[in-house]
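Asker: Fold the following and give me the result.
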Amino acid sequence: MSQVSVTVYVVSDSAGDTGELAVRAAAAQFHPMAVHIRRAAFIHTREGIDAVIHAAEADQSIILYTLVIPFLRDYMVEQAAKRKLTAIDLLGRLIDNLERTLGREPRHEPGLNHALNAAYFRKVEAVEFAVRYDDARDVTGILKADIILVGVSRTSKTPLSMVLAHKTFKVANVPLVPELVPPRELFAVPPARLSV
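Answerer: Predicted coordinates for the structure are as follows:
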């Protein structure tokens, strides 16, 4: 029996993360069936939509789009209908309903979900910190860190540092190695900042 599969084109006038996450969530309901995702990001012209329509038409793919620019949404609807392709507007109805309920016109600007703000910069700073002070490469990070992870090697300190960094915590991690003396900086920080 041959494996049934489908391709979904995720089309966005921004990065396409929202659409891809939605497709992955839906596809998980059909595991182990294959759902192939092809992302067409930063589409800002009718020609970009034409290219996706042409590709989707070739293998009868599904199109899911998160277009917030009105003329692109309208053009996608028109072209998909003309070729009898399944095209799902993930954001359009929600935006239209919010507009009616709030009594305010949307901004129609792609990428606002990823707008650079203070929280974004704190996260970037925390990730850079975790990379710089990973595995006690530079022990001065111990004194600057919000959290210091201490433990034997290969106990997932680095991945945990990254997870915490994405929550904006500055994390240093220090491996305990039998033949090496722990850095003296470990003994100079408040115990509440240590996680062993």
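Asker: For the closest residue in space to residue 91 that isn't next to it in sequence, give me its contacts.
Answerer: In space, and not counting its chain neighbours, residue 91 is closest to residue 66: 5.0 Å by C-beta to C-beta, 6 or more residues apart in numbering. For glycine as for every other residue, the C-beta is placed from the backbone atoms N, C-alpha and C. Applying C-beta atoms under 8 Å, 6 or more residues apart in numbering, we find residue 66 in contact with 10, 11, 12, 13, 14, 16, 18, 19, 90, 91.
Asker: from those, which is closest to residue 81?
Answerer: Within the contacts of residue 66, the smallest distance to residue 81 is 15.1 Å, found for residue 11 (C-beta to C-beta).
Asker: Surely that closest one forms part of a helix?
Answerer: No. Per DSSP: H, G, I helix; E, B strand; the rest coil, residue 11 lies outside any helix segment and is strand.
Asker: circling back: which one of the contacts of residue 66 sits closest to residue 34?
Answerer: Residue 34 has its nearest neighbour among those in residue 10, at 15.9 Å by C-beta to C-beta.
Asker: residues near the closest one, how many?
Answerer: Here the count is done by other C-beta atoms under 10 Å, and residue 10 has 25 residues near it.
Asker: Check which helix or strand residue 173 maps to.
Answerer: In this structure, residue 173 sits in strand 171-176 according to DSSP states H and E.
Asker: Need the per-residue pLDDT for the residue nearest to the spatial centre of the chain.
Answerer: Nearest to the mean C-alpha position of the chain, by C-alpha atoms, centre = their mean, lies residue 17 at 5.8 Å. Predicted confidence (pLDDT) for residue 17: 87.
Asker: any idea where the helices of the chain begin and end?
Answerer: 17-27, 46-59, 70-82, 92-102, 118-132, 141-144, 157-166 (DSSP state H).
Asker: Name the residues that touch the second one?
Answerer: By that I understand helix 46-59. The list of residues contacting helix 46-59 from outside it, by C-beta under 8 Å, 6+ apart, reads 7, 9, 11, 38, 40, 43, 61-63, 72, 75-76, 79-80, 83, 85.
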